[in-house]
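In: whatever this is, show me its structure:
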Amino acid sequence: MRRIELEIEALSHSMTQSHNYAVVLGEKKGKRRLPIVIGSFEAQAIAVALEQMTPNRPLTHDLFKSALDTFDIKMKEVVINNLLDGIFYARLVCLKDGELFEIDSRTSDAIAMAVRFSCPIFTYDFILEAAGVILDDQEGGGFAPIPVSTNLDEGTLESWPVDALQTRLQEVLEAEDYEMAAKIRDELKRREAKD
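Out: Residues are numbered from 1 along each chain as shown. Down below sits the predicted model:
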């Protein structure tokens with residue numbers, strides 16, 4: 001089985017399951033994306049670490065990292081090692097005193113820990129074949145999103161009402177246009193900060 005390194009590309013509301021989120025992992029050397037539905041608490045844990053925010057009290061993942069650090073256990077990598085009945089499985093690969101050992105984990109928790117330890121995330125080719133999506137290449141590198149309706153362009157984000165922006169955000173996420181989704185998300189956050 002060929003191992004493939006992934007990186008976090010997006011974190012957004014899930015289109016398929018309300019009150020859940022999706023973390024989108026992308027191949028470091030390829031164009032496949034692996035969307036994984038996660039809970040809101042895990043999404044928050046990932047977002048807090050990605051944004052390098054420091055909560056007043058440690059979150060569960062911060063506590064676990066602190067415990068591992070205290071006992072001089074290093075997290076070497078995360079491996080998303082299986083997909084059964086639509087459920088992803090993961091392992092934390094840790095190192096202590098030169099000995100490798102693995103800890104079973106929910107995939108969302110494993111990703112939250114990988115962000116905190118700045119360690120790589122891997123999966124296997126058969127998982128990407130089964131659950132991955134592919135975006136087409138575009139000139140100059142990058143990826144071409146699947147086209148969506150063009151009733152809202154980048155230059156007018158400030159003039160649209162919040163409900164229209166939220167609807168548009170759902171459309172671009174469905175179309176996997178993560179660049180536009182990030183711009184809309186940033187505009188929504190800017191407005192929330194004003195309130």
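
In: under the pLDDT cut-off, which ranges of the chain? List them.
Out: Within the chain, the ranges that satisfy pLDDT under 70 run 14-19, 135-156, 159-160, 164, 175-177, 195.

In: which residue is the nearest non-sequential neighbour of residue 27?
Out: Once flanking residues are discounted, residue 27 sits nearest to residue 4: 5.7 Å by Cβ to Cβ, 6 or more residues apart in numbering. For the C-beta atoms, the positions are set from N, CA and C on the backbone; glycine is no exception.

In: ramachandran coordinates for the one you found?
Out: Torsion angles at residue 4 (phi, psi; degrees, to the nearest 10) stand at phi -130, psi 130.

In: my guess is it contacts residue 126, does it?
Out: No. Residue 4 lies out of contact with residue 126 (Cβ atoms under 8 Å); the separation is 10.2 Å.

In: which one's more surrounded, these two?
Out: Taking other Cβ atoms under 10 Å, residue 4 and residue 126 do not tie; residue 4 has more neighbours (21 against 12).

In: quick one, helices of this structure?
Out: For the chain, the helices defined by DSSP state H occupy 40-50, 60-70, 107-117, 125-131, 162-174, 178-194.

In: among these, which is the most enclosed?
Out: Of those, the one with the most neighbours on average (mean count of other Cβ atoms under 10 Å) is helix 107-117, at a mean of 24.

In: who are the packing partners of that one?
Out: Applying 3 or more Cβ pairs under 8 Å, 6 or more residues apart in numbering; DSSP states H and E, we find helix 107-117 packed against strand 21-27, strand 32-38, helix 40-50, helix 60-70, strand 74-84, strand 87-96, strand 121-124.

In: residues contacting the third one, please?
Out: Contacts of helix 40-50 from elsewhere in the structure, counted by Cβ atoms under 8 Å, 6 or more residues apart in numbering, are 8, 11, 19-21, 23, 38, 55, 59-61, 106, 108-109, 111-112, 115-116.
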